[in-house]
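[1] From the sequence below, what's the structure:
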Amino acid sequence: MNDMWTGAKIRLRGVEPEDWEGFRDLAQHTADVRNADLVEPPRSDEGFRAWTAERAGRPPGGEAFRLVVEVLADRAFAGSVTVGESDSRAGRFKTGIEIARGHRLKGYAVEATELILTYMFAEQRYNKCEVEIYAFNEASLALYRKLAFIEEGRLRQHEFIAGGYHDVVLLGITAAEYWATHQAPSVR
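    Predicted structure coming up:
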């Protein structure tokens, strides 16, 4: 690893204004948007340019941030990973990830999530990461279970999506659970 933001296949980097097309492409498939968030009306290309430029201008880090998942081999935009709802007093944060259709099933989501967990646990002193996944999103549930997240509960009929109410599955991993299967970063 060259730096803490680079893995074997991908690197995490800040949002750049020219990433607008990648973010637009992530929003093209209703099922994908529904898995990650709530469906909104279509946004114009100019709207994506403005949204992305605003995020590119934000200072790095903070209590909530978004990073681009970039493929090392060709520097392609593969998706994004977010950190949010950070509570430094309690030592908790939430994360989420979106990987573009053409880049799925290549290990990018696992690697990007591991990079975020390493940063938040090793550098920011957080103790726990939580995710909320719609019960119908089997791919995301499998991803987080593969990463050793433990199911902590289920919010029944919690979100109204696609004409019906759906459960939200709560999963979490502590720093100790993460470090039990991952090597802590070196100071050298």
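[2] Helices along the protein, start to end?
    With DSSP state H, the ranges of helices along the chain come out as 20-26, 30-36, 45-56, 108-122, 138-146, 175-179.
[3] least reliable of these going by mean pLDDT?
    Lowest mean pLDDT within these: helix 30-36, a mean of 80.
[4] confidence score at Gly14?
    Looking at Gly14, its pLDDT stands at 96.
[5] pretty sure it contacts Leu67?
    Yes: the pair Gly14 / Leu67 is scored as a contact, 6.5 Å apart, by C-beta atoms under 8 Å. Any C-beta I mention is one placed from the backbone N, CA and C, and that applies to glycine too.
[6] Please say which of those two ends up with more neighbours.
    Neighbour count, other C-beta atoms under 10 Å: between Gly14 and Leu67, Leu67 has more, with 22 against 15.
[7] ok, now how distant is the more buried one from Val81?
    With the distance defined as C-beta to C-beta, to the nearest Å, Leu67 ends up 5 Å from Val81.
[8] Ok, Pro41 next?
    Counting by C-beta to C-beta, the gap from Pro41 to Val81 is 25 Å.
[9] So what's the residue count around Ile161?
    The local packing count at Ile161 equals 15, with neighbours defined by other C-beta under 10 Å.
[10] OK, contacts around the residue nearest to it when sequence neighbours are not counted?
    The shortest distance from Ile161 to any non-neighbouring residue, by C-beta to C-beta, 6 or more residues apart in numbering, is to Arg34 (5.8 Å). When contacts are counted by C-beta atoms under 8 Å, 6 or more residues apart in numbering, Arg34 is found next to Tyr134, Ile161, Ala162.
[11] which parts of stretch 37-57 are buried?
    Residues of stretch 37-57 classed as buried: Phe48, Arg49, Thr52, Arg55 (neighbour count, 16 or more other C-beta atoms under 10 Å).
[12] Share the number of residues neighbouring Glu114, please.
    Neighbour count for Glu114, taken as other C-beta under 10 Å: 16.
[13] Settle this for me: it is touching Trp5, isn't it.
    No: here Glu114 does not reach Trp5: they are 11.5 Å apart, not a contact under C-beta under 8 Å.
[14] No more questions from me, cheers.
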